[in-house]
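Visitor: my questions concern the predicted model and sequence given below.
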Amino acid sequence: MIYTITLNPALDHYLEVESLLMDDANRVKAERLYAGGKGIDVSRAIRRLGGDSMALGFIGGHNGQIMVDLLKREGVTTYFTPVAQETRRDIIISARDSQQTLLHAQGPVITAEEWRCFLAHLRVLDLRDSYVALGGSLPRGVPADAYRQIAALVQSRGAKVILDADGPSLRAGLKARPFAIKPNLHELRRATGKSLRTEADILTAGKALNRAGIEVVMVSLGRRGLLVVSGRDRHRTALRAVPPPVAVRSRVGAGDSTVAGFILKQAGGKSLEDCVRFATAAGTAATLAPGNQLCRLSDVQRLAPRVRIKTVMMTRGRGDTETR
């Protein structure tokens, strides 16, 4: 079973304009509402890829009810913890000249009782041999180490956590030794406190995280694909996955589609290379669709054979030579 957790979900209001003009009227050419947030996007992408998952987290108010209805229409199973305050609404403005602006609202304040109820909901789930995608911003009111607490709880009950977060939330979550993480390069720099200017630097940082107990480190490099370091000691593997060039329409949800592709293949028992290939294709496919429409299975199937996977030789302190 796959579960996703979104503590600060958002109703995404997507607006498309011809070009974004400041101090002037902008006529909207198209608009749409999406259920959003990292974990929710992972659940939506998994569904688009033919899989099933259960979306967990906090939900509240009119925005929250719209989100639940939208997810039901997409075939996503939900088990949200209700909260008193309104779920946030984010604004995404996308111009046809490829400019894009995101306005992120703060979201509700979670009470101590609502936090306890959420943890109680986790404890009633059968988490044995399951995967849990965890990530996104934290709502006000939850503990600063919320991701550490959640990861420790679900992993103690037999789940494997894939964490996709940033800043203090990521650093706190790392203390629970999640199975996998998927930072982008900027997020990895903030987590490690290092500049990571070269590929060798990134590989060294990945190896250090492997030794700290995180089995898979996937570093998103945008259009350059993924750099993945996995394993421990002498059994460590490093892969570079390079997607084919595509005409990008929107980057919203690309990272979440990457996580969805990876976790879906992991749950299916596929090899690391197969998981990375599919994840890279899913992330790339998400950029082909406007707004937050995420990846389409037909695009992923078309792109996956064109993803180039190269094994990177790992030396004692650095990573360098490609072997294939």
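Guide: Okay, I see it.
Visitor: quick one: low-confidence parts of the stretch 51-200 of the chain?
Guide: Scanning the stretch 51-200 of the chain for pLDDT under 70 picks out the ranges 98.
Visitor: please enumerate the strands of it.
Guide: 54-59, 77-82, 88-95, 100-103, 131-135, 160-164, 180-181 (DSSP state E, counting those that start in this stretch).
Visitor: list the helices and strands the fourth one packs on?
Guide: Counting by 3 or more CB pairs under 8 Å, 6 or more residues apart in numbering; DSSP states H and E, the packing neighbours recorded for strand 100-103 are strand 88-95. In short, each C-beta sits where N, CA and C put it, glycine included.
Visitor: the strand it packs on pairs with which strands, and in what direction?
Guide: Strand 88-95 pairs in its sheet with strand 10-17 (parallel), strand 100-103 (antiparallel), by DSSP bridges.
Visitor: of the ones you listed, which is nearest residue 159?
Guide: Each of the strands paired with strand 88-95 has some distance to residue 159 by CB to CB; the shortest is strand 10-17, at 24.8 Å.
Visitor: what is the mean pLDDT for that closest one?
Guide: In this model, strand 10-17 carries a mean pLDDT of 92.
Visitor: for the closest residue to residue 75 other than its chain neighbours, give me its contacts.
Guide: Leaving aside its chain neighbours, residue 75 sits nearest to residue 47 (5.2 Å; criterion: CB to CB, 6 or more residues apart in numbering). Neighbouring residues of residue 47 by CB atoms under 8 Å, 6 or more residues apart in numbering: 53, 74, 75, 76.
Visitor: between which two of those is the distance greatest?
Guide: Maximum distance among these (CB to CB): 11.4 Å, for 53 and 74.
Visitor: before we move on, back to that, please, which helix or strand holds the residue nearest to residue 75?
Guide: When elements are assigned from DSSP states H and E, residue 47 belongs to helix 38-48.
Visitor: the residue lying closest to residue 53 once chain neighbours are set aside bridge partners, please.
Guide: If the residues on either side of it in the chain are set aside, residue 53 comes closest to residue 2, at 4.0 Å by CB to CB, 6+ apart. On the basis of DSSP bridges, residue 2 is bridged to residue 131.
Visitor: tell me how far residue 2 lies from residue 56.
Guide: Distance, residue 2 to residue 56, using CB to CB, to the nearest Å: 11 Å.
Visitor: more neighbours, those two?
Guide: Ranked by neighbour count (other CB atoms under 10 Å), residue 2 and residue 56 place residue 56 first, with 26 against 22.
Visitor: shouldn't that one be in contact with residue 39?
Guide: Yes: the pair residue 56 and residue 39 qualifies as a contact (CB atoms under 8 Å) at a distance of 7.4 Å.
Visitor: about what we covered before: among the strands of the stretch 51-200 of the chain, which is nearest residue 124?
Guide: Across the strands of the stretch 51-200 of the chain (criterion: CB to CB), the nearest stretch is strand 77-82, sitting at 9.3 Å.
Visitor: the closest one vs strand 54-59, what angle?
Guide: 20 degrees (axes from the mean of the first three to the mean of the last three CA atoms, to 10 degrees).
Visitor: now the angle between helix 38-48 and strand 77-82, please.
Guide: 160 degrees.
Visitor: partners of strand 77-82 in the sheet?
Guide: strand 54-59 (parallel).
Visitor: and the strand it pairs with, what's buried?
Guide: 54, 55, 56, 57, 58, 59 (16 or more other CB atoms under 10 Å).
Visitor: let's have these in a markdown table, adding distance to residue 7.
Guide: As requested, the buried residues of strand 54-59 are arranged in a markdown table below (distance: CB to CB, whole Å):
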| residue | distance to residue 7 |
| --- | --- |
| 54 | 15 |
| 55 | 12 |
| 56 | 9 |
| 57 | 5 |
| 58 | 6 |
| 59 | 11 |
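Visitor: out of the strands paired with strand 88-95, which is the most enclosed?
Guide: Most buried of the strands paired with strand 88-95 by mean neighbour count (mean count of other CB atoms under 10 Å) is strand 10-17; its value is a mean of 21.
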